[in-house]
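Enquirer: I need the structure of the sequence given here:
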Amino acid sequence: MQSLLSNLKIQVNEKTYVKDPETSVLGRKIIKESIFLIDELGFDNFTFKKLGERIGSNESSLYRYFENKHKLLVYLSSWYWSWMEYKLIFSTANITDSYKKLVKAITIVTEKIEDDDSTAHINESVLNRIIITEFTKTFLTKEVDEENKEGFFLIYKRVIKRIVAIVKEVNPEYPYPESLVSTTIEGALHQHFLKDHLKSITNCNEKTSPCDFFLHLVSKTIKP
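Expert: Below is the predicted model:
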């Protein structure tokens with residue numbers, strides 16, 4: 001699968017950026033180092049000025065790629081979910097049994113993420129930590145409805161819809177597939193956060209992963 005992914009260009013809504021960062025050395029450097037800096041500082045403390053200092057570039061050069069740091073976070077999130085969609089497509093393509101396909105899909109969106117060597121300028125493991133802690137900031141805003149109309153969250157919704165289709169294959173009578181899948185994906189991010197920071201209010205730990213929990217939950221929930 002990695003060899004296939006290496007030949008694909010991850011698609012991101014062009015309205016999230018001013019200039020496609022994938023088209024230049026500086027753009028790819030902005031993406032690479034912004035991931036590490038947001039992970040180190042947190043999104044609230046992250047600024048273009050700090051990123052410019054880190055990469056040895058003028059702050060103004062960053063604005064030639066992204067209008068503001070919110071758009072950068074939306075870009076990074078969109079890239080992550082697009083990468084996740086490719087993983088879903090390739091990993092489930094040859095699975096004919098619907099339940100096994102669902103198990104594979106749930107595993108992909110809830111498991112711990114390892115870095116993908118085929119994408120040299122993006123560390124998916126670090127990006128996953130950003131998604132866990134910062135993803136909700138992309139849509140818990142006053143501008144969410146307008147940005148939704150602009151297609152900012154289309155890829156994320158597409159990932160959900162792909163898994164919803166598999167749920168319907170397993171149990172066409174289950175009445176809440178969209179709610180179940182969106183809860184599973186966002187809940188997995190939340191459980192990963194609790195496992196690392198608020199351990200007393202989750203059963204997830206070094207032995208029981210969020211993936212284990214949600215595989216159990218989904219299996220019990222949609223059982224005919």
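Enquirer: residues contacting Trp81?
Expert: Ile155, Tyr156, Arg158, Val159 (C-beta atoms under 8 Å, 6 or more residues apart in numbering). Every C-beta, even on glycine, is put in place using the N, C-alpha and C of the backbone.
Enquirer: swap that for Ser24, sorry
Expert: No contacts exist for Ser24 under C-beta under 8 Å, 6+ apart.
Enquirer: For Glu67, which three-state class applies?
Expert: coil (DSSP: H, G, I helix; E, B strand; the rest coil).
Enquirer: That one: neighbouring residues, count only.
Expert: 12 (other C-beta atoms under 10 Å).
Enquirer: now the one 4 residues further on
Expert: In terms of burial, Lys71 registers 18 neighbours under the definition other C-beta under 10 Å.
Enquirer: how far away is the residue lying closest to it once chain neighbours are set aside from Thr47?
Expert: What sits nearest to Lys71 in space, not counting adjacent residues and going by C-beta to C-beta, 6 or more residues apart in numbering, is Thr16, at 5.3 Å. Using C-beta to C-beta, to the nearest Å, Thr16 is found at 19 Å from Thr47.
Enquirer: Ok, Thr221 next?
Expert: Taken as C-beta to C-beta, the span from Thr221 to Thr47 is 43 Å.
Enquirer: and what of Glu147?
Expert: 21 Å.
Enquirer: higher neighbour count, those two?
Expert: Glu147 (19 against 14).
Enquirer: Please verify my assumption that that one contacts Tyr156.
Expert: No - Glu147 is beyond contact range of Tyr156, at 11.7 Å (criterion: C-beta atoms under 8 Å).
Enquirer: Glu114: neighbour count?
Expert: Glu114: 10 neighbours (other C-beta under 10 Å).
Enquirer: any idea what sits nearest it, other than its immediate chain neighbours?
Expert: Per C-beta to C-beta, 6+ apart, closest to Glu114 is Ser125, 5.7 Å.
Enquirer: What is the helix or strand hosting that neighbour packed up against?
Expert: According to DSSP states H and E, Ser125 maps onto helix 124-134. When contacts are defined as 3 or more C-beta pairs under 8 Å, 6 or more residues apart in numbering; DSSP states H and E, helix 124-134 sits against helix 25-41, helix 69-92, helix 177-197.
Enquirer: Would you mind finding the most buried of the ones you listed?
Expert: Each of those was scored by mean neighbour count; the highest is helix 69-92, a mean of 20, by mean count of other C-beta atoms under 10 Å.
Enquirer: Kind regards, and thank you for your time.
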